[in-house]
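**Student:** sequence and predicted structure are below.
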Amino acid sequence: MSRNSNQATPLSLRSARWSTSLLFFLNGIIIATWATRIPAVQARLMLSTSELGIALLGTACGALAAMNLAGYLAARFGSRPVTVIAAISLCLTLPLLALVPTLPVLVGTLALFGATNGSMDVAMNAQGVAVERHYNRPILNSFHACYSLGGLVGALAGGLAASYNIALLPHFLGIALFCAILTLSVARSLLPVEAEAQGTVVAFARPTRAILALGLVAFCVVLGEGAIADWSAIYLNGTLRTGAGLAAAGYAAFSVVMAIGRGVGDQLTTHLGARTMMQLGGLVAAIGLTLALVVTWIPIVLLGFCLVGAGFSVVFPLTLSAAGSVSKQATGTAIAAVATCGYVGFLVGPPVIGFVADALSLRIALGFVVVLSLCAALCARAVGRDKPTANSQVHELIERSEVL
């Protein structure tokens, strides 16, 4: 590939796609590794629930602080170096979480962990959108499916490590070393900045109505995901009296179907279009959660959570893909803006649900997520074009030269 060309060969695009998929997978492993060992960190530092909540807030603050900076850097220098540096930094930060001696140090370390993860999230999505643009068809959902798969692998490995009482440091060091080696091995296969170029863009610009609408969609959907993650088991056990064991099935059903939905989402988007998929996603999620809240028969409730997972699965990746094509801003900057809106929803949603549940009821509070899902469906016209713009000749060569 010529240094001055903004086109990529079929071979380089295949390599970039698999490399980006691997980075999403590794990110999922690292985040799940930390999540599964939080109880061990809490026990080692003898933290109360409120103290742990304060510590975890550091992760969110770090991510929010870093996302827009990462978007600017990706626009300025390309997403490849930002993704690789953020990924290596995330790997280096993970073992530090096993060494923190006090709560204040844990808060600071989690802020660094959140900042590196937020930076990697924005940069690797910018790389994914760039690859998708060259493919001339939707593929971003497949990257997020790899993240979900990585989360599953990391959770299983973390569960085994916890069950065998493996200490935090060797566990975190092993995962970090594994992920760092794989990251470095694929770094050169990512698209360089020349291949990411999409014409005249600016790093910062006044947000357009489309970007604001996409940010609203991301806020609604990611808030809903956080609400299901934090409150589905409590709803099943506390409101429907299912028992603790069966209560976990709600989020499990939601997660599995979401992973499957992301796996097939690109094919469906190719046939139906991004706007239609976003509309259907919001409507299906609203219908599913309505079933779960109105009907008390547990099989129907679980079916409802499955539908919520299916609906939410494709919407957030579609907002990121659309952000990279509807704005005059550089891809990284636009993605950072939309991702930040989503992350804010993830942060504020669960506590707001809790406050409303205390004042009224959890069923009514979760009904708020139904309204937000419908709002996401109504804002679907912000997606713009149904397919990303790219070079059709390259697309045809890719189609003839690979089986995906």
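**Tutor:** Alright, I've got the coordinates.
**Student:** and the residue nearest to G150 when sequence neighbours are not counted, how far is that from A40?
**Tutor:** Excluding its sequence neighbours, the residue lying closest to G150 (CB to CB, 6 or more residues apart in numbering) is G28, at 2.6 Å. No exception for glycine: its C-beta is placed from N, CA and C like everyone else's. According to CB to CB, to the nearest Å, G28 stands 20 Å off from A40.
**Student:** out of these two, which sits in the busier spot?
**Tutor:** A direct count of neighbours by other CB atoms under 10 Å for G28 and A40 places G28 higher, at 22 against 18.
**Student:** check which residues of the helix or strand containing that one are buried.
**Tutor:** G28 belongs to helix 10-36 when assigned by DSSP states H and E. Neighbour-count burial for helix 10-36, counted by 16 or more other CB atoms under 10 Å, picks out 10, 12-17, 19-34, 36.
**Student:** so which elements touch the next helix or strand after it?
**Tutor:** Counting by DSSP H and E, the next helix or strand C-terminal to helix 10-36 is helix 38-45. In terms of contacts (3 or more CB pairs under 8 Å, 6 or more residues apart in numbering; DSSP states H and E), helix 38-45 is packed against helix 49-77, helix 103-135, helix 168-186.
**Student:** where in this structure is pLDDT low?
**Tutor:** For the chain, applying pLDDT under 70 flags the ranges 1-8, 195-207, 244-245, 248, 324-330, 382-404.
**Student:** what's the neighbour count on V356?
**Tutor:** By other CB under 10 Å, 16 other residues sit near V356.
**Student:** how about the contacts made by the nearest residue to it once chain neighbours are set aside?
**Tutor:** Using CB to CB, 6+ apart and skipping residues adjacent in sequence, the residue nearest V356 is A365, 3.8 Å away. A365 makes contact with 231, 352-354, 356-357, according to CB atoms under 8 Å, 6 or more residues apart in numbering.
**Student:** inside strands: which ones of these?
**Tutor:** Of those, none are assigned to strands by DSSP state E.
**Student:** stretch 152-170: how far from the chain's middle?
**Tutor:** 22 Å (CA atoms, centre = their mean, to the nearest Å).
**Student:** how about stretch 40-54?
**Tutor:** 25 Å.
**Student:** output it as CSV, restricted to C-alpha atoms.
**Tutor:** Listed in CSV are the C-alpha atoms of stretch 40-54, where the atom choice follows Å, rounded to 0.1, in the frame of the first residue of the first chain:
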residue,chain,number,x,y,z
ALA,A,40,-11.4,-10.3,46.4
VAL,A,41,-10.1,-6.7,46.3
GLN,A,42,-12.9,-5.6,48.6
ALA,A,43,-12.1,-8.4,51.1
ARG,A,44,-8.4,-7.7,51.0
LEU,A,45,-8.8,-4.0,51.8
MET,A,46,-11.8,-4.7,54.1
LEU,A,47,-14.0,-2.1,52.3
SER,A,48,-17.6,-1.5,53.1
THR,A,49,-20.2,-1.4,50.3
SER,A,50,-20.2,2.4,50.3
GLU,A,51,-16.4,2.6,50.2
LEU,A,52,-16.3,0.2,47.3
GLY,A,53,-18.9,2.3,45.5
ILE,A,54,-16.7,5.4,46.0
